[in-house]
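Engineer: Provided below for reference: sequence and predicted model.
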Amino acid sequence: GIAMACDKERLVESLTGVYGAMLLQDRKRQRDGKLQGNPISAMSQSVLDTVINDHARIFPTEFFKGRIEAMQQYVEQLDDKRQKRRARRARSIHDKEAGHDDDDDDNDDQVRSA
């Protein structure tokens, strides 16, 4: 007969994706600090903290193998890239507001060294 995946195996990809979305939400909350005074956010943060802290029990290796750890690494890399883009954008805006242009800075350095 045909081998059928059990319900738990069918949920692995979806739950891994949900966990990744939760990790991204947690990173955003940590970065933006938008938890104060919002009881719904506080409750969802409590659930999120529980899932993150107890992920080994919630996502057993038997079904998830290395997916949860891979998702954690992926989210960390994605967030790092976002942080770097934001920093570059902020520098660019600051330079434009200050009237600086990267090419002008290079030219100034060349003039000074001549």
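Structural biologist: Nice, I can see it.

Engineer: packing partners for the longest helix along the chain?
Structural biologist: Taking DSSP state H as the assignment, the helix of the chain that covers the most residues is helix 67-97. Judged by 3 or more Cβ pairs under 8 Å, 6 or more residues apart in numbering; DSSP states H and E, helix 67-97 is in contact with helix 7-32. C-betas here are computed from N, CA, C, even on glycine.

Engineer: one more time with 10 Å
Structural biologist: With contacts defined as 3 or more Cβ pairs under 10 Å, 6 or more residues apart in numbering; DSSP states H and E, the packing partners of helix 67-97 are helix 7-32, helix 55-58, helix 61-64, helix 102-113.

Engineer: Among the ones you listed, which comes closest to residue 80?
Structural biologist: With distances scored as Cβ to Cβ, the stretch of these nearest to residue 80 is helix 7-32 (9.9 Å).

Engineer: helices or strands up against that closest one?
Structural biologist: helix 39-53, helix 55-58, helix 61-64, helix 67-97.

Engineer: circling back to that earlier point, now mean neighbour count and mean pLDDT too, for the helices and strands packed on helix 67-97, in a markdown table please.
Structural biologist: Conversion of the helices and strands packed on helix 67-97 to a markdown table gives the following (neighbours: other Cβ atoms under 10 Å; pLDDT from 0 to 100):
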| stretch | mean neighbour count | mean pLDDT |
| --- | --- | --- |
| helix 7-32 | 14 | 87 |
| helix 55-58 | 13 | 91 |
| helix 61-64 | 14 | 91 |
| helix 102-113 | 9 | 49 |
